[in-house]
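A.B. asks: Next comes the sequence, and after it the predicted model I'd like to discuss.
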Amino acid sequence: EDQVTQSPEALRLQEGESSSLNCSYTVSGLRGLFWYRQDPGKGPEFLFTLYSAGEEKEKERLKATLTKKESFLHITAPKPEDSATYLCAVRWYSSASKIIFGSGTRLSIRP
Amino acid sequence: DAGVIQSPRHEVTEMGQEVTLRCKPISGHNSLFWYRQTMMRGLELLIYFNNNVPIDDSGMPEDRFSAKMPNASFSTLKIQPSEPRDSAVYFCASSLNSGSGANVLTFGAGSRLTVL
């Protein structure tokens, strides 16, 4: 069964303390890997799309990377406003437009 | 564009009642997805449509759930009869399925359902 696994479930950091979130997938034929941010009471908001191993995307303090088995979301010198749940999603060639989400990482940044 | 519009935002109902959730996707988007989110199970894909046609409904929990997309600008998710375990936030999302920005989901604000 195709699976998307995110770790850790929750992460608490001090402001300015850099770290990484992990998203691993157990499938072949990746058609796209997506990162979303979700704030409480809102729908997820798109951050990045990655298509092939070695690809990297950056936005402000966030950088997403992709290997053949996993993706990392690196957060550099985070600020309290970066606190949110970060969701990873995957689409496979064999699944038409089907997009499956991981369970997310709840990130909390303390001032 | 006003984004993906969902209604109602909140619904409280009693077990056994029919619930209808509504979604208006972004104009021009040709794929529409219904997801359900709970603390225990995260964000689960229920069903998705391409060009108004249901493609995969394998995530629909049981026959009590049904979804329709009569035209490109409207979709419904119906639960009949509702049960307490259906309590969750239901999200609708839309996307293009080709070209620049393909498969980037734009989510609505969600419909929070509580079944007593």
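C.D. replies: Perfect, I can see it now.

A.B. asks: Okay, and the closest residue to chain B within chain A sits in which element?
C.D. replies: The minimum distance from chain A to chain B, using Cβ to the nearest Cβ, falls at residue A:43 (3.1 Å). Where C-beta positions appear, they are placed from N, C-alpha and C, glycine not excepted. Assigning secondary structure by DSSP states H and E places residue A:43 outside every helix and strand.

A.B. asks: burial count for the closest residue to it other than its chain neighbours?
C.D. replies: Nearest residue to residue A:43, sequence neighbours excluded (Cβ to Cβ, 6 or more residues apart in numbering or on different chains): residue B:107, at 3.1 Å. Per other Cβ atoms under 10 Å in any protein chain shown, the neighbour tally for residue B:107 reads 23.

A.B. asks: cool, and residue A:28?
C.D. replies: By other Cβ under 10 Å, neighbour count at residue A:28 equals 10.

A.B. asks: List the residues that contact residue B:94.
C.D. replies: For residue B:94, the contacting residues are B:4, B:25-26, B:29, B:31-33, B:105-106, by Cβ atoms under 8 Å, 6 or more residues apart in numbering or on different chains.

A.B. asks: Who is it paired with across the strands?
C.D. replies: Taking DSSP bridges as the rule, residue B:94 bridges to residue B:32, residue B:106.

A.B. asks: Can you tell me which residues in chain B are near chain A?
C.D. replies: With Cβ under 8 Å from any Cβ of the partner chain as the criterion, chain B comes near chain A at residues B:4, B:31, B:33, B:35, B:42-43, B:45, B:48, B:50, B:55-56, B:91, B:93, B:95, B:97, B:103-110.

A.B. asks: And the buried ones among these, selectable in PyMOL?
C.D. replies: The command below creates a PyMOL selection of those among the residues of chain B next to chain A that count as buried (16 or more other Cβ atoms under 10 Å in any protein chain shown):
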select buried, chain B and resi 4+31+33+35+42+43+45+48+50+55+56+91+93+95+103+104+105+106+107+108+109+110
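
A.B. asks: follow-up on the earlier one: format the contacts of residue B:94 as CSV; extra columns: distance to residue B:79 and pLDDT.
C.D. replies: Output for the contacts of residue B:94, formatted as CSV (distance: Cβ to Cβ, whole Å; pLDDT from 0 to 100):
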residue, distance to residue B:79, pLDDT
B:4, 20, 97
B:25, 20, 97
B:26, 25, 96
B:29, 24, 94
B:31, 22, 93
B:32, 18, 95
B:33, 17, 96
B:105, 22, 94
B:106, 24, 96
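
A.B. asks: And the strands in the chain?
C.D. replies: Picking chain A for this. Using DSSP state E, the strands of chain A run over A:4-7, A:10-14, A:19-25, A:30-38, A:45-50, A:56-59, A:62-66, A:70-75, A:84-92, A:99-101, A:105-110.

A.B. asks: sorry, should have said chain B
C.D. replies: B:5-7, B:10-13, B:19-24, B:31-38, B:42-50, B:53-56, B:65-71, B:74-79, B:88-95, B:106-107, B:111-115.

A.B. asks: Around the spatially closest residue to residue A:77 that is not a sequence neighbour, how many other residues sit close by?
C.D. replies: Nearest residue to residue A:77, sequence neighbours excluded (Cβ to Cβ, 6+ apart): residue A:16, at 5.0 Å. Counted with other Cβ under 10 Å, residues neighbouring residue A:16 total 11.

A.B. asks: Low-confidence ranges, chain B, go.
C.D. replies: B:1 (pLDDT under 70).

A.B. asks: Since that was my last question, I'll sign off now.
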